[in-house]
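Visitor: show me how the following folds:
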Amino acid sequence: MSKAAEKAYKEAWIADIALLPSVELALELMLGDSNTIGYYFVDHDRRVIFWFEAHKSIHLMLDVRGVERKSHVKYALESEYWGHINLFPNKRCLPEDIVVRLKELLIHAQTEYIDLGASLSPFASDQVESMLGLIDPLMSSLNKENEHSVRIVARCMERFCIVNFLNFCGQPSARRNTNKLIYEYSDKRSDTILSRVMNLVMFGSPNAHRKVLHWILVDKKIIQLGRYRNFTDRLSSEWNGYAIFSTVLLAVDISFLAIPFVQTQTSAILVSYLSTLCAMGSFVVTLVFARQLNDGRRYPAERVASFMFGMKSSIERLALMLSLPFAFLIWGVIFFAASLSIVIFRTSDVITVSIAYPIWVAIVILVTWPALAGHIGTLNNWIMRRTIRPMRWALHLKWHLRPGMSGVTSSSRV
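Guide: Numbers count the residues shown, from 1 in each chain. Next up is the predicted model:
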């Protein structure tokens, strides 16, 4: 280690890098190669880390595209600096300006939660409120060597610096709210015919889940952890309800099949079997999802969310998977209603059928109305995009191609 330190200082001197008293050298054994020693210099005045040679910035840039300015890179370097302080908090004083800066960041985040209901902060609303309660106790450790207070501040500052870097803080294209997109995308996979068919078959549930997932994941990179926690809590309550409804439907189907005169209706039995299978499918999928969600809560939300949105499956496929319990349950109810209708119309007399038929038609219409309302709006929007826009372009071209409009006179040019 001593030879490696001597070589690092020598190479820095050769590279004409002035090592001020506030600069310290960090050495570490590289993973997988015990003969290689890694290094980096830490500048406590500027609160950055640096090297004496060109350094690959793939890991440092966090796969963020469009990083061009030094003022932007500084946040990535500062996050690494606070990561170093978090690892080695001993024999360090807690600067007053850093605690004040952390306090201002937390107050700003809490104000955004109060005013807008969302914040670019890396912490949820309840976490910000709890952290603000720690500021006053931290004030008693200012300019003192207290490794615990130093590490608390370093962990928070590291998270804030990472968020500032990801949100292009201080740049012309900075993200100023949680819904702003920095990059433009041409992903048309969610507008395919297959996705529309699956959305129709699953009664609009994939589209609803897709919107929420895009609301959580901004620019395919920024995961809003506060929204993610609310989303998982809502999923948990929904799945509990689906499990109860599936159990009730399964019991109703089995009881319905046990009726003696139903056993003579082959078509009703077949449809009732389909209803039973759908109820079982909804119940099993709900149990699997609930177990995975409960297992995921044993780990930090950041890790689970990164795994969920970083897997090979796209958001569209994830939305389809999350829609399975609801779709199975609805189809189970539909099949049961169909089997009940078969029994009613095949085993009842004319008077009973004449009374039940108009009521049955009215119920079907009223149930189908809210279910198809969203699809009708989506269909209208799709038709408008496919017809109105081409018509506008055609009219635009027709106007500019009229006789006497084909050229531009020299007097009208700028």
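
Visitor: bridged to the closest residue to H84 other than its chain neighbours, which residues?
Guide: By the measure of Cβ to Cβ, 6 or more residues apart in numbering, the closest residue to H84 outside its immediate chain neighbours is V42, 5.6 Å from it. (C-beta placed from N, C-alpha, C; glycine too.) Under DSSP bridges, the beta-bridge partners of V42 are E24, I49.

Visitor: correct me if wrong: V353 contacts F345.
Guide: Yes: counting by Cβ atoms under 8 Å, V353 sits close enough to F345 to count as a contact (5.7 Å).

Visitor: burial count for E145?
Guide: 13 (other Cβ atoms under 10 Å).

Visitor: show me where the stretch 151-300 of the chain has its strands.
Guide: Applying DSSP state E, counting those that start in this stretch to the stretch 151-300 of the chain gives strands spanning 217-218, 222-223.

Visitor: next one: the stretch 1-150 of the chain
Guide: Going by DSSP E, counting those that start in this stretch, the stretch 1-150 of the chain shows strands at 23-29, 37-43, 48-50.

Visitor: so for the first one, what gets flagged as buried?
Guide: What it means is strand 23-29. For strand 23-29, the buried set under the neighbour-count rule, 16 or more other Cβ atoms under 10 Å, comprises V23.

Visitor: so how far is it off the chain centroid?
Guide: Relative to its chain's centre, strand 23-29 lies at 36 Å (Cα atoms, centre = their mean, to the nearest Å).

Visitor: could you dump it to CSV, C-alpha only?
Guide: Extracted in CSV, the C-alpha atoms of strand 23-29 (Å, rounded to 0.1, in the frame of the first residue of the first chain):
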residue,chain,number,x,y,z
VAL,A,23,-6.6,16.5,-0.5
GLU,A,24,-6.4,13.0,0.7
LEU,A,25,-5.6,9.7,-1.1
ALA,A,26,-7.9,6.7,-0.9
LEU,A,27,-6.6,3.2,-1.9
GLU,A,28,-8.5,-0.1,-2.2
LEU,A,29,-7.9,-3.6,-3.4
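
Visitor: re earlier: lowest average confidence across the strands of the stretch 151-300 of the chain, which one?
Guide: Ranked on mean pLDDT, the bottom entry among the strands of the stretch 151-300 of the chain is strand 222-223, at a mean of 62.

Visitor: the bottom helix or strand of this structure by mean pLDDT?
Guide: None of the helices or strands of the chain scores lower by mean pLDDT, DSSP states H and E than helix 301-310, at a mean of 57.

Visitor: in the stretch 101-250 of the chain, which spans are helices?
Guide: With DSSP state H, counting those that start in this stretch as the criterion, the stretch 101-250 of the chain has helices at 125-139, 147-166, 193-201, 205-216, 225-257.

Visitor: and of these, who's closest to A15?
Guide: helix 147-166 (25.8 Å; Cβ to Cβ).

Visitor: residue contacts, W82?
Guide: W82 sits next to 47, 154-155, 157-158, 161 when contact means Cβ atoms under 8 Å, 6 or more residues apart in numbering.

Visitor: contacts only, for the nearest residue to it once chain neighbours are set aside.
Guide: If the residues on either side of it in the chain are set aside, W82 comes closest to E158, at 3.8 Å by Cβ to Cβ, 6+ apart. By Cβ under 8 Å, 6+ apart, the contact list for E158 reads 79, 82-83, 86.

Visitor: out of those, who's the most crowded?
Guide: S79 leads the contacts of E158 on contacts (other Cβ under 10 Å) with 24 neighbours.

Visitor: wait, that one touches C169, no?
Guide: No: using Cβ under 8 Å, S79 is not in contact with C169, being 11.7 Å away.

Visitor: mean pLDDT and distance to T276 for the helices of the stretch 101-250 of the chain - can I get that in CSV?
Guide: Below are the helices of the stretch 101-250 of the chain laid out as CSV (pLDDT from 0 to 100; distance: least, Cβ to Cβ, whole Å):
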stretch, mean pLDDT, distance to T276
helix 125-139, 90, 43
helix 147-166, 93, 49
helix 193-201, 82, 19
helix 205-216, 83, 21
helix 225-257, 88, 4
